[in-house]
Structure formats: structure tokens, C-alpha cells
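*Asks:* Sequence first, predicted model second:
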Amino acid sequence: MKTWITLVVLIIAFVNASLGSILTDEERTIMDFKVPEEVKKDFPYYLSGYDKSGAPIWIWPLGRWEIRKWVGKGGEDLKNVETYANQMFLRFRLSTSPGNLTEVNNVERAGFICIADLDGFPVRKITHAPTLKFTLSLIQEWAASIKAVDVKTVFIINANSIFMTLWDLSKSLLGDMNKIIQTHGNNRANWKVQLRQHIPQDQLPEIYGGDKMHKFVQVYG
């Protein structure tokens with residue numbers, strides 16, 4: 001029994017050291033940031049579950065995020081939103097443990113799955129220049145904090161034609177990430193098939209083609 005306890009302690013120490021070593025001082029500050037409750041309320045995201053290989057499945061309801069409201073506030077309020085978004089990106093990255101390996105083209109790699117849902121992303125958000133600028137800056141920050149090696153697959157769903165045009169313009173910011181990103185319009189039947197091919201049904205909420213009784217592992221917001 002003592003041997004097992006020692007082994008567990010060593011593993012925990014190793015994981016903690018591993019996580020600490022991949023965070024810069026700036027990133028530690030971001031992770032320690034105490035998010036205002038109002039920000040949490042307007043910018044939710046969820047850890048939905050895990051795929052068969054243990055890859056974390058994150059749901060990012062970007063279309064429902066109240067970006068324009070907070071862009072209008074500006075100043076420190078908008079800075080808080082930006083820090084919160086960066087905290088989310090880092091949390092995605094850190095959710096992939098050293099033991100979470102996925103065989104892709106005979107290469108072992110770690111990674112998480114992200115479903116970025118644009119449902120509810122109205123034209124008024126896209127045509128509002130400051131909101132558009134801030135949204136694109138989030139994409140840049142995402143690319144800066146998360147690399148292709150951190151990600152298994154990203155599904156962008158419910159994207160309208162205007163967003164797709166803007167997405168095409170911003171692809172260059174994502175580099176190798178483009179290879180693992182799938183973009184889908186608002187044909188639910190199509191993207192539900194794609195999600196179910198990669199994700200167990202019981203690890204998704206019903207709205208995404210999953211289980212009616214599904215419960216999120218963790219709710220942020």
C-alpha cells in the first residue's frame with residue numbers, strides 16, 4: 001500500500017511540475033485571474049466530456065457571447081473579458097494531460113476537441129466594426145496560446161455566409177491549426193453526423209446530437 005501511495009504522490013508531483021513548466025509567468029497570472037461574475041454570466045463555456053481516447057471535449061458557444069455589449073463598455077471591463085478569454089484558451093490547453101495520446105496517421109499526439117458554436121451570432125455583431133475587430137483579436141490570441149499539437153479537432157458549427165467570408169480572411173492567423181479545423185454551416189443534420197463520428201453520443205448534450213440525459217463535466221460561466 002505504501003508503494004502505491006508513493007507512486008501516486010510521485011505522479012501528482014510530476015503532473016504538477018509538467019503543468020508548471022509549460023506556463024509562463026504571464027500565463028500563470030491569467031490563470032489566477034478572478035473573473036467578475038457578470039463576465040462569467042455573459043461568456044459561458046463547458047467541458048462536455050471525453051472521447052474514447054480520453055481527449056477532453058470543450059464547447060465554446062461563441063455565437064451567444066455578449067461581445068458587442070462589452071465592447072460598448074470598453075476600458076477595464078473589456079480588458080477583463082479579454083483576460084477571461086485567454087484564461088479559457090489556456091484551460092483548453094492544460095486539459096490535455098501527458099497521458100492523453102491519440103493515434104493520428106501512426107503518430108502519437110495529445111489534444112483536445114473543441115466545438116465552437118456560432119448559433120446566435122447575428123449580422124449586427126459582424127457589421128459592428130469594433131465588435132468584429134475584438135472578435136478577430138480573440139482568434140489571434142487563440143492562435144498564439146494554442147498550437148496544432150495541443151488540439152485533436154476543432155468543429156466550427158452554425159457558421160453563416162458572412163462569418164465564413166471573414167473566416168477565410170483570418171485563416172492565415174491560424175497556421176497549422178487550419179489542418180484540424182472543420183467548418184460547418186447551419187445544417188444541423190450534417191454537422192451532427194460529423195460530431196457523432198468523432199465523439200461518443202453520451203459525451204454530448206442533446207442539442208449537438210448527444211444524449212438527452214447528458215450532464216456537463218464542468219460549467220464555466
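*Replies:* Looks like it came in fine.
*Asks:* Tell me which residues of stretch 212-220 come out buried.
*Replies:* 214, 220 (16 or more other CB atoms under 10 Å). Any C-beta I mention is one placed from the backbone N, CA and C, and that applies to glycine too.
*Asks:* Averaged pLDDT, it. What do you get?
*Replies:* When pLDDT is averaged along stretch 212-220, the result is 95.
*Asks:* Skipping adjacent residues, who's closest to residue 159 in space?
*Replies:* Leaving aside its sequence neighbours, residue 159 sits nearest to residue 118 (CB to CB, 6 or more residues apart in numbering; 5.1 Å).
*Asks:* Quick check on residue 66: phi, psi?
*Replies:* Per-residue torsions, residue 66: phi -90, psi 60 (degrees, to the nearest 10).
*Asks:* so what's the residue lying closest to it once chain neighbours are set aside up against?
*Replies:* Spatial nearest neighbour of residue 66, chain neighbours left out: residue 42 (4.0 Å); criterion: CB to CB, 6+ apart. Residues near residue 42 by CB atoms under 8 Å, 6 or more residues apart in numbering: 65, 66, 69, 70, 221.
*Asks:* And those residues, which is closest to residue 139?
*Replies:* Using CB to CB, residue 65 comes nearest to residue 139 of the contacts of residue 42, at 13.0 Å.
*Asks:* The closest one reaches residue 43, doesn't it?
*Replies:* Yes: between residue 65 and residue 43 there is a contact under CB atoms under 8 Å: 5.1 Å.
*Asks:* residues contacting residue 50?
*Replies:* Counted by CB under 8 Å, 6+ apart, residue 50 has contacts 56, 57, 203, 217.
*Asks:* Could you list everything it pairs with in the sheet?
*Replies:* residue 56 (DSSP bridges).
*Asks:* Spatially nearest residue to residue 62, not counting backbone neighbours?
*Replies:* residue 116 (5.3 Å).
*Asks:* Check which residues of the host helix or strand of that neighbour are buried.
*Replies:* Applying DSSP states H and E as the criterion places residue 116 in strand 112-117. Within strand 112-117, the residues that count as buried by 16+ other CB under 10 Å are 112, 113, 114, 115, 116, 117.
*Asks:* next one: stretch 184-204
*Replies:* Within stretch 184-204, the residues scored as buried using 16+ other CB under 10 Å are 184, 185, 191, 192, 195, 198, 199, 203, 204.
*Asks:* Find the pair from the residues you listed with maximum spatial separation.
*Replies:* 185 and 203 (23.6 Å).
*Asks:* what about the strands in this structure?
*Replies:* 45-50, 56-60, 101-104, 107-110, 112-117, 151-157, 181-183, 218-220 (DSSP state E).
*Asks:* Report how many residues lie close to residue 53.
*Replies:* 13 (other CB atoms under 10 Å).
*Asks:* per-residue confidence for it?
*Replies:* So residue 53 comes in at 86 (pLDDT).
*Asks:* Please apply the same query to residue 156.
*Replies:* 92.
*Asks:* give the contact list for residue 195.
*Replies:* 115, 155, 157, 204, 208, 209.
*Asks:* Nice, that's everything, thank you.
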